[in-house]
Structure formats: structure tokens, C-alpha cells
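Colleague: any chance you could fold what I've pasted below:
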Amino acid sequence: MADYVGAIDQGTTSTRFMIFDHGGTEVGRHQLEHEQILPRAGWVEHNPVEIWERTTSVVRTAMNALGLDAGHLAAVGITNQRETTVVWNRRTGRPYYNAIVWQDTRTDHIAAQLDRDGRGDVIRTKAGLPPATYFSGGKIQWILENVDGVREAAERGDAIFGNTDSWLMWNLTGGVDGGAHVTDVTNASRTMLMNLETLDWDDELLSFFGIPRAMLPEIRPSSDPDRYGATLRTGPFGGEVPLTAILGDQQAATVGQVCFSPGEAKNTYGTGNFMLLNTGTDIVRSRSGLLTTVCYQFGAEPAVYALEGSIAVTGSAVQWLRDQLGIISGAAQSESLAAQVDDNGGVYFVPAFSGLFAPYWRSDARGAIVGLSRYNTNAHLARATLESICYQSRDVTEAMAQDSGVTLDVLKVDGGVTANRLCMQLQADILGVPVSRPVCAETTALGAAYAAGLAVGFWKSPDELRANWNEAERWQPTWSEERRAEGYAKWKKAVQRTLDWVDVDG
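Modeller: Numbering: from 1, shown residues only. Predicted coordinates:
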């Protein structure tokens, strides 16, 4: 009997499989990290084969732990790190190159040239995105131009592209033996190649990057009653399960937070931070450095759009304290270390490791720690790291208010960093509004499960999903307006110190 819905959550640092019941309660999960490949400064890669192997392992482990088989699952959805680009051979199944991760900055010269010659304005109008290293289009171009044989294979129709959702879907549904080469509107909207109005690949945009249309997956709704395909009997589920949903990770979290009405917003705290504001069926063009993106599309219903503030480095800054500096042994220690001091001691850390995303979009920026004196300790740096997460979110909130006229009464939050209660208190203090975390903080996987379940009638409507949402904790602001204003002014000053550091013309 199909009592559950599953979600594959393929993220930047790990892959997990989660299983939910009808009440939206997690009943099981398994998660594995994968290698972060850093060939040179600014380059970030993943091994697509390793990601596929991790996916099969987490599915099998989670299912076996609960004694479940394919028949227990009504449907499965996929959510994924967006923009991370895989190009592989449809006949052999082998990737031509490592996946180029969304954080990677090697395509900065491509983005700069697009803006210099005016094509950037066309991309902004049609795709809702600024030319930036963040998105998939430039990454595909780089692979076509720099990996031997790929251009020729693409022209023959052998080399195909997908973000990690397409890579997993292709493998789950048969791979070289007829695997489905598909994506959804949310992932397609992150490529600089899809027209927001037509929801289809745009030939003019493809020409800007020299990308053959035959490389690209078919664009489908995020929740599809016709399903993308079914898992193979020989695959990790051990039988056929309908694959009925694909959502980029931040759009999935928006669904998981049941932000189904225009004006509702959420902020996800993961490797980076991503705030999305539902704008309904209206395409709202940003004047303040935000992205216009597809929020979701359920079946044959019109697409729902969003304004998004994308921040490249937040949780990964904490990871940097652990892995590169060695001042903490784990993410949880960042909270206890930062709590040893009452303030940041004048230290501001702008973690612009991959340049600055929203609302600045400056690929020439690099990370900076400013305001240091002999007085400062590792505790001040830990606190400044947590504050950097919150100040970057305030930058995006300010831009969102300018574009939409919506002033947040409360900020809905989710993601791994929300387990850091000091960080969430700082977020309330720096924003000056309450911060609310739901019972299920892993709303990315939950949103993919919701979208999959809606497609097969496991849940009847979005209204049924709203009933599942419950608040677990709320943080109220405690700072004075004077302290809040002074801190933000110094943050903005610190941001200026990061700019014009890298030459992006070469």
C-alpha cells in the first residue's frame, strides 16, 4: 500500500533521500556527502558519477532501514542544486567533464562580454537574469569550448546537458536504454536560455552561447500528472515508482513552506542563502538586483513566478571555518564559539569567495575580513561569520521591498543553518522582524515530496498542504534601532572593501 512519498534532495555538499507520510512528517532518511573538487582558485566541481552512486546508496539505505519496497511509495520527486552543469554522452552515459558547480567563477569573462556588447540586456528581458557566472549557460559554453570533442558530439546529438536533476532523472529512468532527458520550468529558468514568457528554450539566447538546441532537455511542469517516467526495477527502488516532480532546491523550499499566495516569502539557509517572494502569475522585473524566476508550475495550471535574492556563501562560510581555518571541529561549534562574546568586536566578514551575488552581482569581489585588532579572537570571527549570513539576507530583504513594495512582517526560515539558534536570533536582530522556523526545517525535500504527491492525488490540493505547516520556534528582535542601523552601515562599508579585487576581462 502506498502510504508514503519520497524525495531525492541532491544538494551542493550532499545527497539525501527522505520519506514523508500524509501529514508531511518525516519517517526516514539517509544522507551522504560528496567530494568538493577545487582545481584552482574560483573553480568548484563535482563528480557526476559519484553523485549518482551516492543517490542510489541513500535511496537503498533509507528504504531498507524502514523495510519498504517500491510499492510503499505513491510517487517520488527530485529537488536539486540548481545551475550546476553536467554534460554527458547519451550513448555511453559518461560525463565529458566534472559537473561545474553554481559557485564556480571560471566563466566571468563570458558574463562580462555579454554585458559589454549589449546582449546582457536581452538576457535580462527574456530570461529575467543578469549575465553572471552563477547560471548554466556560460558553463555549457565553457565545456563546449574547452573540452575536446564535446562541440562535435553536441552537433551530432550525442552530448547532452542537464542540471543535476536531469542527470539523475536520466539515470533513474534507464540511462543509455531510453532514459528520460527532461527538466522542469524552475531549473530551466536558471540557465539564461529559457524565455520566461514562453517557458521554452529561446533560439536567440541559445545563439549567444553557441549551444545547439539538441543538447537541451525537454521542459515540463514542476509537478506532472503525466509523470517524467518511472524508476527501473533494477534501480535503487527495486521496482517501478512514478517520478512526478522536479523542482530546483529553492523553489522546492518555497513549496515546502507553503508560500502559495503572492506576497509570501521564505529564506533558506544552506550552502548559500536564497530568499524567494511569490509574485503569482505576474512576471515582476527587478530594478534592485534580484532575479525574476519561475517559482513552480503544477500540471496544466499557469506558471507561478517569484523574485529571488540569491546569496552565494552563507553556510559554506561556516564550513570554511571548519575545513580551511580549522577553528571549529563542526558546524554546531560555530554557535558555542560565537556565543563566548557579546558582539563582533568590530570585525566584519564578507565571504565573497565566488564574488557577490544579489543584490550586487559583482564577480570582481573577493572575501574580506575587516576591522581586526589585537583584541579580536576566533570567537569574534565566528560571530562575524554568523552575522555575515544575516547581513547578506538583509541586503536581499531591502532590495525585495524596493521591487515589490512588500515589507515582511515575519521571515519564514528553513535549512540546516536554522539549527543554529544564535544565528536565527541575530537574523531577527539585524532585520528587526520576527523569524519563524517550521517543525520540518528540511522544507526543500518536503516541497519536492509535496509536488510529487499532488501529481498523483496523494494530496488533493495546496490547501491540504497548508494544514501540515506548524511553527516550531520564533525569534523576536532584541536590538535597538540605533544598534541595528550602526551595524548595517558598517556592513555596507565592509562590502565596499571587497569590490574591484579580480580582473574579469581576461
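Colleague: which secondary element of the protein has the worst mean pLDDT?
Modeller: The weakest-scoring helix or strand in the chain, judged by mean pLDDT, DSSP states H and E, is strand 229-230 (a mean of 82).
Colleague: next secondary structure after that one?
Modeller: Remark: after strand 229-230, the chain's next helix or strand is strand 242-248, criterion DSSP states H and E.
Colleague: what helices or strands is that following strand leaning on?
Modeller: For strand 242-248, the elements it packs on are strand 73-80, helix 164-172, strand 182-184, helix 185-188, strand 229-230, helix 443-456, judged by 3 or more Cβ pairs under 8 Å, 6 or more residues apart in numbering; DSSP states H and E. Quick note: C-beta positions are derived from backbone N, CA and C, even for glycine.
Colleague: which residues touch the helix or strand following the first one?
Modeller: The one in question is strand 73-80. Using DSSP H and E, the helix or strand that follows strand 73-80 in sequence is strand 85-89. With contact meaning Cβ atoms under 8 Å, 6 or more residues apart in numbering, strand 85-89 is reached by 48, 94-97, 99-100, 136, 139-140, 143-144, 147, 150, 153-154, 158-164, 166-167, 215.
Colleague: what helices or strands is whatever helix or strand comes next after strand 85-89 leaning on?
Modeller: Going down the chain from strand 85-89, the next helix or strand is strand 99-100, by DSSP H and E. Here strand 99-100 touches strand 45-46, strand 85-89, helix 136-146, going by 3+ Cβ pairs under 8 Å, 6+ apart.
Colleague: what pLDDT, on average, does strand 99-100 get?
Modeller: Here strand 99-100 scores 98 as its mean pLDDT.
Colleague: before we move on, what about stretch 9-27?
Modeller: 94.
Colleague: quick revisit: buried subset of the contacts of strand 85-89 as a PyMOL selection?
Modeller: A single PyMOL command is used to select the members of the contacts of strand 85-89 judged buried by 16 or more other Cβ atoms under 10 Å:
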select buried, resi 48+95+96+97+99+100+136+139+140+143+144+150+153+154+158+159+160+161+162+163+164+166+167+215
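Colleague: how many residues are close by residue 246?
Modeller: Using other Cβ atoms under 10 Å, residue 246 is surrounded by 34 other residues.
Colleague: try residue 500
Modeller: Neighbours of residue 500 under the rule other Cβ under 10 Å: 12.
Colleague: can you give me the helices in the stretch 401-506 of the chain?
Modeller: For the stretch 401-506 of the chain, helices defined by DSSP state H, counting those that start in this stretch occupy the ranges 421-431, 443-456, 462-466, 481-496.
Colleague: out of the ones you listed, deepest packed?
Modeller: Among these, helix 443-456 has the highest mean neighbour count (mean count of other Cβ atoms under 10 Å), at a mean of 30.
Colleague: give me the angle between it and helix 164-172.
Modeller: On the basis of axes from the mean of the first three to the mean of the last three Cα atoms, to 10 degrees, helix 443-456 is oriented at 60 degrees to helix 164-172.
Colleague: helix 443-456 - contacts with which helices or strands?
Modeller: Looks like helix 443-456 contacts strand 4-10, strand 14-20, strand 73-80, strand 242-248, helix 249-256, strand 265-269, helix 462-466 (3+ Cβ pairs under 8 Å, 6+ apart).
Colleague: can you pull the contacts of residue 454?
Modeller: Applying Cβ under 8 Å, 6+ apart to residue 454 gives the contacts 223, 245, 298, 461, 462, 465.
Colleague: and the gap between residue 461 and residue 493?
Modeller: From residue 461 over to residue 493 the distance is 49 Å, taken as Cβ to Cβ, to the nearest Å.
Colleague: residue 212 is in contact with residue 141, correct?
Modeller: No - if you go by Cβ atoms under 8 Å, residue 141 and residue 212 don't touch, sitting 11.4 Å apart.
Colleague: enumerate every residue touching residue 116.
Modeller: When the contact criterion is Cβ under 8 Å, 6+ apart, residue 116 has no partners at all.
Colleague: and the pLDDT at it?
Modeller: Confidence score, pLDDT, at residue 116: 90.
Colleague: any stretches of the stretch 301-450 of the chain with poor pLDDT?
Modeller: In the prediction, the stretch 301-450 of the chain carries no residues with pLDDT under 70.
Colleague: follow-up on the earlier one: tell me which other helices or strands the least confident helix or strand of the chain touches.
Modeller: Counting by 3+ Cβ pairs under 8 Å, 6+ apart, strand 229-230 packs on strand 242-248.
Colleague: tell me the angle the strand it packs on makes with helix 443-456.
Modeller: Regarding strand 242-248 and helix 443-456, their directions subtend 140 degrees when assessed with the same axes, to 10 degrees.
Colleague: and strand 242-248 with strand 4-10, angle?
Modeller: Using the same axes, to 10 degrees: strand 242-248 against strand 4-10 is 40 degrees.
Colleague: now do strand 242-248: everything it contacts.
Modeller: Identification of contacts with strand 242-248 by Cβ under 8 Å, 6+ apart yields 74-80, 82, 163, 165, 169, 172-173, 180, 182-184, 186-187, 190, 220, 222-225, 227-231, 255, 296, 447-449, 451-452, 454-456.
Colleague: buried subset of these?
Modeller: Buried members of the contacts of strand 242-248, scored by 16+ other Cβ under 10 Å, are 74-80, 82, 163, 165, 169, 172-173, 180, 182-184, 186-187, 190, 220, 222-224, 227-231, 255, 296, 447-449, 451-452, 454-456.
Colleague: find the residue closest to residue 296 in space, skipping its chain neighbours.
Modeller: Spatial nearest neighbour of residue 296, excluding adjacent residues (Cβ to Cβ, 6 or more residues apart in numbering): residue 222 at 4.6 Å.
Colleague: and what of residue 47?
Modeller: Among residues not flanking residue 47 along the chain, residue 98 sits closest, at 5.8 Å (Cβ to Cβ, 6+ apart).
Colleague: need the max-distance pair from the contacts of residue 454.
Modeller: Comparing every pair within those by Cβ to Cβ identifies 245 and 461 as the most remote, at 15.4 Å.
Colleague: more neighbours, those two?
Modeller: Under the criterion of other Cβ under 10 Å, the comparison of residue 245 against residue 461 puts residue 245 first, with 34 against 11.
Colleague: hang on, the earlier thing: any chance of the contacts of residue 454 in JSON lines with distance to residue 324 and pLDDT as columns?
Modeller: Formatted as JSON lines, these follow (distance: Cβ to Cβ, whole Å; pLDDT from 0 to 100):
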{"residue": "223", "distance to residue 324": "40", "pLDDT": "94"}
{"residue": "245", "distance to residue 324": "36", "pLDDT": "96"}
{"residue": "298", "distance to residue 324": "42", "pLDDT": "95"}
{"residue": "461", "distance to residue 324": "47", "pLDDT": "90"}
{"residue": "462", "distance to residue 324": "42", "pLDDT": "91"}
{"residue": "465", "distance to residue 324": "40", "pLDDT": "93"}
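Colleague: TSV for the residues you listed, including distance to residue 420?
Modeller: Converted to TSV, these look like this (distance: Cβ to Cβ, whole Å):
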residue	distance to residue 420
223	32
245	30
298	33
461	35
462	30
465	27
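Colleague: of the residues you listed, which is the nearest to residue 429?
Modeller: For these, the closest approach to residue 429 (Cβ to Cβ) belongs to residue 465, at 31.3 Å.
Colleague: in contact with residue 502, which residues are there?
Modeller: Residue 502 makes contact with 108, 355, 363, 364, 365, 366 under the criterion Cβ under 8 Å, 6+ apart.
Colleague: most surrounded residue in those?
Modeller: residue 355 (28 neighbours).
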